[in-house]
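Peer 1: I would like the atomic coordinates for the input below:
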Amino acid sequence: MRVYHDGREYRRKAGRSKALARKVYEKLRTEINEGRFFPKQHRRAVLFDDLLAEYREIKRREHKAVMASEAGYQRLLEQFGGSRIEKVSAAEIDQWRDTMSETMSPATVNLHLTILRATLRLAVRNRRIEASALPPITPLKVNNVHVRYLTDDEERRLLEAAPEWLKPLIKVAIHTGMRRGELLRLRWDEVDFVSGTIFVRTSKSGEGRRIPLSPTAHRTLSTLRDARRERMRARVVAQSEAAGTVFTAPEGGFMLNLGRAWYPVLTRAGVEGLRFHDLRHTFASRLAMRGVDLYRVQILMGHKTQAMTLRYAHLSPDHLRAAVAMLDAPGPKPWAAAALASNDGE
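Peer 2: Numbering: from 1, shown residues only. As a prediction, the model looks like this:
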């Protein structure tokens, strides 16, 4: 049996009975006339390759580098390239995750899984697959108790090895605790030199926050601003600078691949196991080591809960050693006086 709607033909099975066919036909016509006829739309098959390319283009327009290197995207394509998105299964994802975990850290593996999840959810937002068709993705457990931070000597070597255009970004990261994305999106109209603060409009928590500038951060940004003004006067300024972006690539434009410059700097400096995000850890760890209470660290870091801030409550071994050494420092010792009073009482 056939029925026509909006110039398209739809077929329905109604058995061999003409009476039943007539009844089904009249029901469909009634639904069409009353606007209750919603035929299933046949979706065109979408390959994972095309979806990943679309996701990357969206992030490029947002000036967000979600993967540090091209190798990460290549791993995604090697595993899921050529597959229809609805055919990506939980079993395949779990096997891929376990294979990567043999040679990568849990955090790196989870970054790959995060991008995979975001890519598949893009298909749901575009109504290419149903949400119920998304496979569950289970990340690895990550131990966030240990935090890597720079020592003073490592900071000195890092700055000596960095090119001139990268040094301001490193210094401001260490002295503000801002995330990489917040730094790369920072605009000059968000830097208030009068009050000495930076206003982060949108952070990971979804809320804005103000960060006071340390003397080093204030001096670094002031130097950058003055140099930009000179280039503006000479009319040799990149489009991104003209748009108000604070940190730009050496040739101008946005820093879409910071890792390309970051990792060679680490090699030249002889600093091992340091990510750019660890500059944020350095900021919080130094605050904690100088006796700043965790509540203020939480506010400066932009954490919604103190649970995230507790990881920064640790102290360096040198700081702990100095604290214990205070036991032998000259001066009054309250515990000794207490012990004498106790003996006198006997």
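Peer 1: from here on, just use CA atoms for contacts and neighbour counts.
Peer 2: Will do.
Peer 1: show me the protein divided up by domain.
Peer 2: 2-33, 48-133, 152-319 (automatic domain parsing).
Peer 1: of all these, which one is nearest L140?
Peer 2: Among the domains of the chain, the nearest to L140 by CA to CA is domain 48-133 (5.7 Å).
Peer 1: one step back: can I get the domains of the chain in a markdown table with mean pLDDT, mean neighbour count and distance to L140?
Peer 2: What follows is the domains of the chain, written out as a markdown table (pLDDT from 0 to 100; neighbours: other CA atoms under 10 Å; distance: least, CA to CA, whole Å):
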| stretch | mean pLDDT | mean neighbour count | distance to L140 |
| --- | --- | --- | --- |
| domain 2-33 | 67 | 12 | 48 |
| domain 48-133 | 85 | 16 | 6 |
| domain 152-319 | 85 | 16 | 18 |
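Peer 1: Serialize the ones you listed to JSON lines and add fields for distance to D328.
Peer 2: Listed next are the domains of the chain as JSON lines, based on distance: least, CA to CA, whole Å:
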{"stretch": "domain 2-33", "distance to D328": "90"}
{"stretch": "domain 48-133", "distance to D328": "42"}
{"stretch": "domain 152-319", "distance to D328": "15"}
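Peer 1: which among the ones you listed is found nearest to M326?
Peer 2: Among the domains of the chain, domain 152-319 comes nearest to M326, with 11.1 Å by CA to CA.
Peer 1: please report phi then psi for R187.
Peer 2: Dihedral pair for R187: phi -120, psi 160, per degrees, to the nearest 10.
Peer 1: surely it touches R225?
Peer 2: No. With contact defined as CA atoms under 8 Å, R187 and R225 do not form a contacting pair (11.1 Å).
Peer 1: and the domains of the chain: which comes nearest P139?
Peer 2: Comparing the domains of the chain under CA to CA, the one sitting nearest is domain 48-133, at 5.6 Å.
Peer 1: and K141, how far is that from I198?
Peer 2: Distance, K141 to I198, by CA to CA, to the nearest Å: 34 Å.
Peer 1: actually L294, not the one I typed
Peer 2: 21 Å.
Peer 1: same check on L166?
Peer 2: Taking CA to CA as the measure, L166 falls 19 Å from I198.
Peer 1: same question for W165.
Peer 2: Going from W165 to I198 by CA to CA gives 20 Å.
Peer 1: ok, T30 next?
Peer 2: 63 Å.
Peer 1: same deal with S222?
Peer 2: Separation of S222 from I198 (CA to CA) stands at 13 Å.
Peer 1: what does T99 give?
Peer 2: Taking CA to CA, one finds T99 at 43 Å from I198.
Peer 1: then R296?
Peer 2: Counting by CA to CA, the gap from R296 to I198 is 16 Å.
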